[in-house]
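Trainee: predicted model and sequence below, questions to follow.
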Amino acid sequence: MKKPSSAGTSGPSAGRAPKGKAAAGAKAPAAAKKAAPPAPPAPQLAHLELEGRKLDLEVLTGTQGERVVDIGKLRKELGVAAFDPALASTAVCQSAITYVDGARGRLLLRGYPIEELAAHATFVEVAYLLVHGSLPTLEQRQRFSDLLNLHSMLHENMRNFFGNYPEGAHPMAVLSAMVVSLSSFYPEIKLDSTQEEIDITVTRLLSKLRTIAAFSYKKSIGEPFIDPSHKYTYCENFLNMMFRSPVSKYAASAEDVAILNKLLILHADHEQNASTTAVRMVGSTGANLYACISAGVCALWGPLHGGANQAVIEMLERIVREKIPVAEVLRRAKDKTDGFRLMGFGHRIYRTYDPRARIAREICTKLFRKRRITGPLGEVAMELEAAALADPYFQERHLYPNVDFYTGLIYRALGFPKEMFTVLFALGRLPGWIAHWQEMRADASQRIMRPRQHYVGPAQQPYVPISKRR
Ligand code: ACO
């Protein structure tokens, strides 16, 4: 593979115009025909040879200089498929939403560094940014907030669903079922839907997911639902629905609202992670937005993904309860015969400190200091982090804390039970999922996602009647 002439943004292979759509600037206006434009540099190629047949594969360079080899014609030309079971070396789509630089620990949403968004924006602004592609003006934010407010209530018949879940039902199970149920109450986005209809569906989902999340918590503790109110901002409303009760005078503090805004921003998007890929995979079949988001919620629930925030607290609680020395925790995490992993550590993309974890760590230490929160969980977390970062096993494998290592401690300090942590992650990730779903639908080259496999089962065997089976 040749080295790129430049890691610039505008070379001929900087991304690829979707099929059926003209690449920007493809047609020069007649007046500009006088001076012939310089010939575009030849596309960069990678070469593959199999059994004497050669294939040139185009190398595409993204706006941040990272390159991908387009293997789309591999099967057609050479009759073989690429084998990459965990998709570790596979880019599954072209996207203009989020960029993660795993080597340098950078995260950009629509080009904006996560640090700046977390410091200055609200979650509603970041949701708008992801879904609409640009930060809102004052008027746009007002309209978006008005829509979020208008669509925050749940259909009365949906409220009854909550009563039928058993005690102790995990709120992620309730959330996924409720989200897909929305499709039977509210209209879907169709290919010919107007922008107004799309905006309503998107804000309906962003707003109602918050109400569903709070109601599932109230149901789990046997308290009456607290309805959303036009008086509050997005995060304030959520805290109010979660923690107010008819017999308490709860009012969300400005500090709690600000922290929740920051945490939801940290979760807002992270390019092609497992849950976003689930949303795109289901979306590629033509399924409706609610069904796709429900698939995203289910994928997020797993402890190797968003479920890690609950798993981290459970791990810390166990270490404290059973008085397990930190050295023993690390020994088990390093032991390949032991299924235990250090939860909240490691990431497929980051080879350095996750920038979201850095922000979460700062929020956590400030909050604990300010509120004089002491206790073994925070102390053990700090001790574990320091010990792991100094350990050659973690150093050699570039294992650092990820976003889930500190967020659970913060959510806990704000009063959320651990079963709600992954629900909070889902609430934050929702605008990212929606943005990816929209991007996928707008891409004319999008086809149903249907991977190949490397079959290693029986070649063929004759059917054996049950009486003759051993
Ligand atoms: N504890 C101990 N060892 C680990 C850990 C860990 N948390 N994470 C990775 N490793 C080891 C692996 O055993 C492997 O070792 P080896 O090379 O000797 O076989 C090496 O580091 C590379 O790890 P992979 O499993 O190849 O990493 P992968 O990219 O497949 O997995 C994952 C990433 C799932 C995040 C993993 O690091 C992990 O399980 N972490 C704990 C769960 C977690 O915190 N998940 C949240 C991720 S962030 C998010 O989704 C929001």
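Mentor: Thanks, I have the structure now. All of these numbers come straight from a predicted model, not from anything done at the bench.
Trainee: so which strand or helix has the nearest residue to I410 once chain neighbours are set aside?
Mentor: In this structure, I410 finds its nearest non-sequential neighbour in C364, 5.2 Å apart by Cβ to Cβ, 6 or more residues apart in numbering. (Each C-beta comes from the backbone N, C-alpha and C, glycine too.) If you go by DSSP states H and E, C364 is part of helix 355-370.
Trainee: and for the helix or strand following that helix, what's in contact with it?
Mentor: With elements assigned by DSSP H and E, the helix or strand that comes after helix 355-370 is helix 376-389. Helix 376-389 has contacts (Cβ atoms under 8 Å, 6 or more residues apart in numbering) with 312-313, 316-317, 319-320, 326-327, 329-330, 333, 342, 345, 364, 368, 394-395, 399-401, 405-406, 409, 412.
Trainee: list the buried residues for helix 376-389?
Mentor: L377, G378, V380, A381, M382, L384, E385, A387, A388 (16 or more other Cβ atoms under 10 Å).
Trainee: do that helix and the ligand meet?
Mentor: No. Helix 376-389 stays clear of the ligand (Cβ under 6 Å from any ligand atom), getting no nearer than 8.3 Å.
Trainee: can I get that helix in PDB? Just the C-alpha atoms.
Mentor: Extracted in PDB, the C-alpha atoms of helix 376-389 (Å, rounded to 0.1, in the frame of the first residue of the first chain):
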ATOM      1  CA  PRO A 376     -14.900   3.400  50.100                       C
ATOM      2  CA  LEU A 377     -16.300   3.200  46.600                       C
ATOM      3  CA  GLY A 378     -14.700   6.400  45.300                       C
ATOM      4  CA  GLU A 379     -11.400   5.600  47.100                       C
ATOM      5  CA  VAL A 380     -11.300   2.100  45.700                       C
ATOM      6  CA  ALA A 381     -12.000   3.400  42.200                       C
ATOM      7  CA  MET A 382      -9.000   5.800  42.500                       C
ATOM      8  CA  GLU A 383      -6.800   3.200  43.900                       C
ATOM      9  CA  LEU A 384      -7.700   0.700  41.200                       C
ATOM     10  CA  GLU A 385      -7.100   3.200  38.500                       C
ATOM     11  CA  ALA A 386      -3.700   4.200  39.800                       C
ATOM     12  CA  ALA A 387      -2.700   0.500  40.300                       C
ATOM     13  CA  ALA A 388      -3.900  -0.500  36.800                       C
ATOM     14  CA  LEU A 389      -2.200   2.400  35.100                       C
END
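Trainee: tell me the angle it makes with helix 355-370.
Mentor: Here helix 376-389 runs at an angle of 140 degrees relative to helix 355-370 (axes from the mean of the first three to the mean of the last three Cα atoms, to 10 degrees).
Trainee: just checking, next helix/strand downstream of helix 376-389?
Mentor: Next along the chain from helix 376-389, counting by DSSP H and E, comes helix 392-396.
Trainee: counting neighbours, what do you get for the closest residue to the ligand within the stretch 101-250 of the chain?
Mentor: Using Cβ to the nearest ligand atom, the closest approach of the stretch 101-250 of the chain to the ligand is made by G102 at 10.3 Å. G102 has 16 neighbouring residues, counting by other Cβ atoms under 10 Å.
Trainee: equivalent analysis for K190, please.
Mentor: K190, neighbours per other Cβ under 10 Å, totals 11.
Trainee: surely it is in a helix?
Mentor: No. Using DSSP: H, G, I helix; E, B strand; the rest coil, the secondary structure at K190 is coil, not a helix.
Trainee: how close does it get to K208?
Mentor: 19 Å (Cβ to Cβ, to the nearest Å).
Trainee: please apply the same query to A444.
Mentor: Distance from A444 to K208, by Cβ to Cβ: 30 Å.
Trainee: now do the residue in the stretch 1-150 of the chain positioned nearest to the ligand, the pLDDT please.
Mentor: Closest to the ligand within the stretch 1-150 of the chain is A86: 6.0 Å, counting by Cβ to the nearest ligand atom. For A86, the pLDDT comes out at 96.
Trainee: need the three-state assignment for it.
Mentor: A86 - assigned by three-state DSSP - is coil.
Trainee: what of L57?
Mentor: strand.
Trainee: which one is it nearest to, not counting chain neighbours?
Mentor: Nearest one to L57, counting by Cβ to Cβ, 6+ apart, is A46 at 4.6 Å.
Trainee: could you pull up the residues touching the residue of the stretch 101-250 of the chain closest to the ligand?
Mentor: H347, I349, Y350, R351, T352 are the contacts of G102 under Cβ under 8 Å, 6+ apart.
Trainee: quick check: the gap between it and R351.
Mentor: Taken as Cβ to Cβ, the span from G102 to R351 is 5 Å.
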